[in-house]
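**Q** I would like the atomic coordinates for the input below:
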Amino acid sequence: MASIRKEFRVATPIDKVWDALADFHAVHTKLARGFVVDSQPEEDGAVRAITFANGMKARERKVTVDPGTKRVVYAIQDSPNFTFYVGSAQLFEDQGGTLFVWQVDLLPDAMAAPVSNMMDAGLEAMRATVS
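**A** Sure thing, here's the model as predicted:
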């Protein structure tokens, strides 16, 4: 199983970044503007149908939104590209700012390089959006 970890730091206080990360259905406006261009809630809010700037679409199920650990976990479901995909993002205080850690575990391993490239683009969008 491929495991990808990315992180970035911003001077923004952790509570402000958490507000953006925890709003599961506002990923396109509050967290990753320009990387995710649309997010529509499905299944009573448990799933979001998102569209990326490159046209790719995904259905992500909310697994955990934990304000105590400032961690969000989601899983992609019903994808022809993945047999398994779980992502998590967690925030840590960092000298008055925030350390943002994003991890994805996925199968098949062959999807690791394209996902890593998309995550790089996502990190840049998130850094710009929450700064």
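**Q** Helices of the protein, start to end?
**A** Applying DSSP state H to the chain gives helices spanning 14-22, 112-130.
**Q** ok, residue 58 to residue 76 distance?
**A** 5 Å (C-beta to C-beta, to the nearest Å). Bear in mind the C-beta positions are built from the backbone N, C-alpha and C, glycine included.
**Q** try residue 91
**A** Residue 91 sits 21 Å away from residue 76, going by C-beta to C-beta.
**Q** So the two - more neighbours on which side?
**A** residue 91 (21 against 18; other C-beta atoms under 10 Å).
**Q** looking at the sheet around the more buried one, what are its partners?
**A** residue 100 (DSSP bridges).
**Q** List the contacts of it.
**A** Residue 91 is in contact with 14, 17-18, 21, 70-71, 98-101, counting by C-beta atoms under 8 Å, 6 or more residues apart in numbering.
**Q** If we use 7 Å, what do you get?
**A** Listed by C-beta atoms under 7 Å, 6 or more residues apart in numbering, the contact set of residue 91 reads 14, 17-18, 21, 70, 98-100.
**Q** Likewise for residue 27?
**A** So residue 27 contacts 36, 39, 50 (C-beta under 7 Å, 6+ apart).
**Q** swap in residue 77?
**A** If a contact means C-beta under 7 Å, 6+ apart, then residue 77 has 59, 61 as its contacts.
**Q** okay, now residue 108: neighbour count?
**A** Residues near residue 108, counting by other C-beta under 10 Å: 12.
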